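Q: Here is a sequence together with a model predicted from it:
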Amino acid sequence: MITATYSPEDNKIRLYPSARLDDETFQRVKDAGFKWAPKQELFVAPKWSCKREDLALELAGEIEPEEMTVAERAQAKAARLDALADKRAAESSAYSRAADELSRAFEFGQPILVGHHSERKARKTQERMHNAMDKAVRAHKAIGYWHYRAEGVERFANMKNDPKVRARRIKTLLAELRDFQRRLNGAHKALENWEKLTTDNLIRMALGRSEMYSFNLYSAVERGDMTPQEAREKAMAGARSIIESDNLARWISHTLNRLSYEREMLGEVPRFEGEITPTLLQMFVREHGADKPKGAKVDSDLFTVECKAPLPAHIAQGTSVELSGDEWRDLMQSCGYVPPAKKPAKPPILNFKAASGKISVVNPYRREEMILPQVELTKAEYAKIHSEQRGTRLSTCGNYRVRVAPNPQHEGPRYSAGWAAILITDQKQHEAPASFADMEAAQ
């Protein structure tokens, strides 16, 4: 009687009932977070969860792929909203015509005769005319509202498929994956530590630490409700329950499947052909939830990564993995990892004396040229300026940077002092760059 579907595009489970649900089933569906969509005649959940998947499997037997895409669903909803706009347009026209017909009773400027037998009928006609005009105005305003809603639905569907939005969604899924993996890592480390603690004194000291999964057992031991050994066994059982949790494993598997789908829709991940380094491998496994990885180079083309807790299951089994450079490249490509591009180096900071006593820099806020006076300070005097008030500015030519600070020679309130280029007198001085000399000559 019920068909269940799942759409990876919006991460929603939908239930299509062929008949009205009985009260008990309806309450179970409602308690699981499903909502009835009357226009589509289905129940929809805001997002996937283990509980909702189990209920859908129980009611339908299997979960099928959703046949209607997000774009098709948005198009259908936009069509319904456009139909409402057309309906309001027809209503507005009808009310306008009715108001025009009623206004003909007053088209020659005939006033309402107070006390005459026609007064009651005239006032009633006037009231009906005003009501029709008000309804026409409200219906006309509703036309724009429903058209705006229809455009918004289509715009949202297009936004969901935008490559930049999809890339940000992948980052969110990776953050969720790290959260799940962090729970596993913490449970593994806590269990390993509890296995090493055997004496009552060490157990009492460890019970006060939240990362040991003690679950507030310290107070129970202090009151004498349980012994330290009993508390240790209970904490170890709690850590094992996290490690062996079926729901946590399903959440991790579901997140990995969503990542695979989003990457496939985004496009093929390029294979990294650059140099493999231990730092690069640490960044790679850390992004997927590895706990404090340490990379090392074994020989010319063999690299290893070790962690205190087991590595993510989709990376490797155990706490360490040893692969060649090409194997690491294949693994990064299969996991959709693209190493971040190196940021371009900033221009050097030059300390030179300007013959004119002025240096041209770029205003970082307005992107326009600023001519700053050059002021000489010692290294100690420059260090006395608050760190938030001193910094560097890029030259107008873009080939170097100079130190700047509020003009220390300004007379008056400090807040009204303009910026000045600083020359450190007791520090190595550079030669004026050619671009600066050319600029001064041009000026």
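A: Received it, and whenever you're ready, just let me know what you need.
Q: Could you list the low-pLDDT ranges of the protein?
A: Residues of the chain that meet the criterion pLDDT under 70 lie in 108-110, 112-113, 117, 437-443.
Q: how's it carved up into domains?
A: 2-68, 72-159, 165-248, 273-334, 358-442 (automatic domain parsing).
Q: right, and the ones you listed - which one's nearest Ala345?
A: domain 358-442 (11.6 Å; CB to CB). To be clear about C-beta, it is placed using only N, CA and C from the backbone, and glycine gets the same treatment.
Q: Just the terminal-to-terminal distance for stretch 381-394.
A: Stretch 381-394 stretches 22 Å from its first residue to its last (CA to CA, to the nearest Å).
Q: neighbouring contacts of that stretch?
A: For stretch 381-394, the surrounding residues in contact (CB atoms under 8 Å, 6 or more residues apart in numbering) are 347, 349, 361-362, 364, 370, 372, 401-406, 408, 419, 421-422, 424.
Q: Now which of those would you call buried?
A: The neighbour-count criterion (16 or more other CB atoms under 10 Å) marks 361-362, 370, 372, 401-406, 408, 419, 421-422, 424 among those as buried.
Q: can you give me the helices in the stretch 1-150 of the chain?
A: 23-31, 50-60, 70-103, 119-160 (DSSP state H, counting those that start in this stretch).
Q: can you give me the strands in the protein?
A: For the chain, the strands defined by DSSP state E occupy 2-7, 12-17, 35-37, 42-44, 63-65, 294-299, 302-306, 320-324, 358-362, 369-377, 391-394, 401-406, 419-424.
Q: Can you add distance to Ile252 and give those strands back as a markdown table?
A: Listed next are those as a markdown table, based on distance: least, CB to CB, whole Å:
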| stretch | distance to Ile252 |
| --- | --- |
| strand 2-7 | 17 |
| strand 12-17 | 18 |
| strand 35-37 | 27 |
| strand 42-44 | 25 |
| strand 63-65 | 19 |
| strand 294-299 | 23 |
| strand 302-306 | 19 |
| strand 320-324 | 18 |
| strand 358-362 | 48 |
| strand 369-377 | 53 |
| strand 391-394 | 44 |
| strand 401-406 | 46 |
| strand 419-424 | 53 |
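Q: among those, which is nearest Gly152?
A: Closest among these, using CB to CB: strand 35-37, at 17.6 Å.
Q: Enumerate the positions of the closest one that are buried.
A: Buried-residue list, strand 35-37, by 16+ other CB under 10 Å: empty.
Q: helices or strands up against that strand?
A: strand 42-44 (3 or more CB pairs under 8 Å, 6 or more residues apart in numbering; DSSP states H and E).
Q: for the strand it packs on, packing partners?
A: strand 12-17, strand 35-37.
Q: Glu376: which of those is closest?
A: strand 12-17 (67.0 Å).
Q: the inter-axis angle of the closest one versus helix 23-31?
A: 160 degrees (axes from the mean of the first three to the mean of the last three CA atoms, to 10 degrees).
Q: if I pick the residue nearest to the spatial centre of the chain, what's in contact with it?
A: Centroid-nearest residue in the chain: Thr172, 5.3 Å away (criterion: CA atoms, centre = their mean). By CB under 8 Å, 6+ apart, no residues touch Thr172.
Q: Could you export the helices of the stretch 1-150 of the chain as a markdown table, including distance to Pro278 and mean neighbour count?
A: Output for the helices of the stretch 1-150 of the chain, formatted as a markdown table (distance: least, CB to CB, whole Å; neighbours: other CB atoms under 10 Å):
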| stretch | distance to Pro278 | mean neighbour count |
| --- | --- | --- |
| helix 23-31 | 50 | 13 |
| helix 50-60 | 37 | 17 |
| helix 70-103 | 42 | 16 |
| helix 119-160 | 38 | 15 |
